[in-house]
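**Student:** give me a 3D structure for the following:
(chains A and B)
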Amino acid sequence: MMNIEQLDFYTQAILSMAALVGLTSFLMLGQGRLLRLIFVFALQGFLLTLTTVLAAYSLDSHHLYISAVLTLLLKVIFIPWMLRRQVLKMAMHRDIEALKNNTAVMMGGASLMVFSYYVLHPIVQSSSVVMLNALAVSLSVMLLGMLLMISHRQAIAHVVGFMSIENGLFFAAIVATNGMPMVVELGIAFDVLVAAVLFGIFFLHIRTSIDSLDVDLLNKLNEVDK
Amino acid sequence: MIAVYLVLLIPLVGILYFALSGHREDSGKINVRFNGITLLATIWLAINVLNQGTIISTDKVFLIDPFNVYLIVLTAFVGFTTSIFSSPYMAHEKAIGKLSDGRLKLYHSMFQGFMLAMYLVLTTNNMGIMWVAMEGATLATVLLVSLYRTPESIEAAWKYFILCGVGIAQALFGTILLYYAAVQIGDGENALLWSVLYENADQLNPEILNIAFVFLLIGYGTKIGLVPLHNWLPDAHSEGPTPMSAVLSGLLLNDALYAVVRSKMLVDRATDSNMAGYLMMGFGLLSFLVAAILLHRQKDIKRLFSYSSIEHMGLMTFAFGIGGPLATFAALLHMTVHSLTKSAIFVTVGYAAQLAGTQRIDQIRGLIKTQPKIGWGLLIGTISIAGFPPFGVFTSEFLMLLATMHSYPWLAPLLLLGIGIAFAGLFRHIQPMVYGDKPEGQNPIKANLWPVTIHLALVLWLGLAIPGFLAHWFSQATLFISGSTPL
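**Tutor:** Here you go, the predicted model:
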């Protein structure tokens, strides 16, 4: 085991970023107010942008700057803006969603983090402990995103969870492999953009159909007919 | 190589054409033409591969080998016949006031979008692009599932979107891990190319690849509809317009399985264990059995056949998991006959539902008396999908059973049991629908059953005697996937 002071500056910075990104996931998990949820999501996007710029600068790989700009535009500006507009339009910004079993959800989140470390532990044999940390945080951000979708009922929270899963993936790609090949990264960004637009269209449809964005009301279809 | 570009370019032009030109009376027919031309291009591509063997484009972006080229032709063929069905079907839906011009414009544009995504999944050599295209296929079809804008269809589309989106995110994590393993042995930009990965697979870190495969299987498995990740599938298939159900069942599921098999080929080379195979066998068998049982509890005709799709996809996943030449051959054959039969069934189901004015099984009655063509089409299709000889599904299921008895004899009874349960589940619903008296107030509708006839004839032909060139093709693909030939 190494001490953190012995690592170079870049690695130390990446580790702190991983910690912060993980923290934002937990913040989102316990958040019942939609506007704050969206704000924390934008914050997570901003941390990702910072990580990308950091990686681009210290590894001198220019295509990461493009990824950073894409992340900034999509995750920090466009998607939060779109979600915020929906919340204000629906006048949901004053609602506080009473989260059931908040403590249990938090404990669940913590165990998911431990689980991520457990799953990825074999990687230590072939690479550094830093890499394990980075990948495990990414995986737990993904899993926490899913938990967020399970524990919240508002469609907007589901979208935030969905996009934060994507954030986890992106963090893994940046830290573990210094980004994906450019063409793949552009493709993923395109998919995320289209998905965000589709979500916007869906909000409209769901609202006109059930007059609410509470997805618990979407319960007509069942595995077997009752 | 030009053929590959054509296969991708024609649907792209199609998307733009339909999106920009707006809906016209003959949009359905133009859609048929687009799909027809693509089919010709894929046949040209197939002839090229038959003559020259595997083609890799000079920039290594596209890879066409015996495994994917036959799926490309199958995709184009099913796309073409479905578009023939779709043209009068959608015109009818518009005539009875269920759809507007704008929705039809979206429908045709996204039909081409879906086809483009499917071709891209199959032709690309890059595992990353494969993921992007697979997600693209979801995005293209999600608005088609909710095309009717009923509360049920919106719920189905939302479920489809969220479940498939979250599911396929796992596959992206798997791809990232794959890339992570690949960059450790060099070559950054090319490291995600399947051909490069396959060549260097024995140097890849087996630990990482094992973890990556689990994520890839869960991710793409969501799209295959493997239990317990299958919840979206019956909803999406039953609530969308019927031509969409036909292509989703016939094509999307196949292509997702294709992605899993490609990943398995890499993992098998990198590790000595058969971990990937066991996982696929487990998930496959579970899906097969659960779906067979759930067939009995369905009340909606399209949901009934969606569960049948899950059952068959489970069977194929199981067979690819067994590995070995015989099982692989059977799985490849099953992919073909299942696509052809299932899309034919959805076509007849679409007509039956239009005829009865509902999708509820207990309200569809006396089809043979009302309109014999539709009744017989549904009956023969069901006989075929249930695995009766002499249809092709029987051949492939029989080969799978043989392979199972050879490698894992103790699993063979489960397989037989599942086939029996599924058979009973299908027929208890189908029998009252096709036989019996003509219900009052139902009049025959305009139906074009050519696609059904051609598909079922092909399946029959494949069951009686597989033509030489096709058998050669399957053997080549089998050799490629499993390392030896079955015969």
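**Student:** please name the nearest non-neighbouring residue to the spatially most central residue of chain A.
**Tutor:** The residue lying closest to the centre of chain A (Cα atoms, centre = their mean) is A:Ser164, at 1.6 Å. In this structure, A:Ser164 finds its nearest non-sequential neighbour in A:Gly145, 4.2 Å apart by Cβ to Cβ, 6 or more residues apart in numbering or on different chains. Bear in mind the C-beta positions are built from the backbone N, C-alpha and C, glycine included.
**Student:** pretty sure the one you found contacts A:Val159?
**Tutor:** No - with contacts counted by Cβ atoms under 8 Å, A:Gly145 stays clear of A:Val159, the gap being 10.7 Å.
**Student:** avg pLDDT for stretch B:311-318?
**Tutor:** The average pLDDT within stretch B:311-318 is 95.
**Student:** actually stretch A:183-190, sorry about that
**Tutor:** 86.
**Student:** just stretch B:216-232 next, same as before
**Tutor:** Stretch B:216-232 comes out at a mean pLDDT of 92.
**Student:** need the distance between the two termini of it.
**Tutor:** This stretch, stretch B:216-232, spans 18 Å end to end (Cα to Cα, to the nearest Å).
**Student:** what residues sit buried inside that stretch?
**Tutor:** Going by neighbour count (16 or more other Cβ atoms under 10 Å in any protein chain shown), the buried part of stretch B:216-232 is B:216-227, B:229-232.
**Student:** helices or strands next to the host helix or strand of A:Val159 in the packing?
**Tutor:** Following DSSP states H and E, one finds A:Val159 within helix A:155-177. Packed against helix A:155-177 by the contact rule (3 or more Cβ pairs under 8 Å, 6 or more residues apart in numbering or on different chains; DSSP states H and E) you find helix A:9-29, helix A:34-59, helix A:63-71, helix A:79-89, helix A:129-151, helix A:182-210, helix B:151-183.
**Student:** the first one near chain B anywhere?
**Tutor:** This points to helix A:9-29. No - using Cβ under 8 Å from any Cβ of the partner chain, helix A:9-29 stays clear of chain B, coming no nearer than 14.4 Å.
**Student:** got the contact list for that helix?
**Tutor:** A:4, A:7, A:37, A:40-41, A:43-44, A:47-48, A:50-51, A:54-55, A:58, A:105-106, A:109, A:113, A:130, A:133-134, A:137, A:140-141, A:144-145, A:147-148, A:151, A:160-161, A:164, A:167-168, A:171, A:175 (Cβ atoms under 8 Å, 6 or more residues apart in numbering or on different chains).
**Student:** report whether the worst-scoring helix or strand of chain A on mean pLDDT contacts chain B.
**Tutor:** Across the helices and strands of chain A, mean pLDDT, DSSP states H and E gives its lowest value to helix A:182-210, namely a mean of 86. Yes - interface with chain B: helix A:182-210 contributes A:182-184, A:187-188, A:190-191, A:194-195, A:198, A:201-202, A:205-206, A:209-210 (Cβ under 8 Å from any Cβ).
**Student:** check which helices and strands that helix is in contact with.
**Tutor:** Helices and strands touching helix A:182-210, by 3+ Cβ pairs under 8 Å, 6+ apart, are helix A:63-71, helix A:79-89, helix A:155-177, helix B:127-145, helix B:151-183.
**Student:** in it, what counts as buried?
**Tutor:** Buried residues in helix A:182-210 (16+ other Cβ under 10 Å): A:184-189, A:191-196, A:198-199, A:202-203, A:205-207, A:209-210.
**Student:** residues in contact with the nearest residue to B:Leu8 once chain neighbours are set aside?
**Tutor:** Nearest in space to B:Leu8, with sequence neighbours left out and distances taken as Cβ to Cβ, 6+ apart, is B:Tyr119 at 5.6 Å. Applying Cβ under 8 Å, 6+ apart, we find B:Tyr119 in contact with B:7-8, B:11, B:38, B:72, B:75-76.
**Student:** burial measure for B:Gln203, as a count.
**Tutor:** Per other Cβ atoms under 10 Å in any protein chain shown, the neighbour tally for B:Gln203 reads 13.
**Student:** tell me the spacing between it and B:Leu209.
**Tutor:** From B:Gln203 across to B:Leu209, the span is 11 Å (Cβ to Cβ, to the nearest Å).
**Student:** try A:Glu185
**Tutor:** To B:Leu209, A:Glu185 is 22 Å away according to Cβ to Cβ.
**Student:** before we move on, what about B:Lys264?
**Tutor:** In terms of Cβ to Cβ, B:Lys264 sits 11 Å off from B:Leu209.
**Student:** of these two, who's got more company?
**Tutor:** More neighbours surround B:Leu209 than the other of B:Lys264 and B:Leu209, with 27 against 22 (other Cβ under 10 Å).
**Student:** got phi/psi on the closest residue to that one other than its chain neighbours?
**Tutor:** Using Cβ to Cβ, 6+ apart and skipping the chain neighbours, the partner closest in space to B:Leu209 is B:Ala270 (4.5 Å). Phi and psi for B:Ala270, reported as degrees, to the nearest 10, are phi -80, psi -30.
**Student:** go on, B:Phe62?
**Tutor:** According to degrees, to the nearest 10, B:Phe62 has phi -120, psi 140.
**Student:** quick check, it in contact with B:Leu122.
**Tutor:** No - B:Phe62 is beyond contact range of B:Leu122, at 9.8 Å (criterion: Cβ under 8 Å).
**Student:** how about stretch B:429-439: buried residues?
**Tutor:** B:429-430, B:433-434.
**Student:** repeat that for stretch B:416-423.
**Tutor:** Quick answer for stretch B:416-423 (16+ other Cβ under 10 Å): B:418-419, B:421-423.
**Student:** closest to B:Val32 out of the residues you listed?
**Tutor:** B:Ala422 (33.5 Å; Cβ to Cβ).
**Student:** thanks a lot, see you next time.
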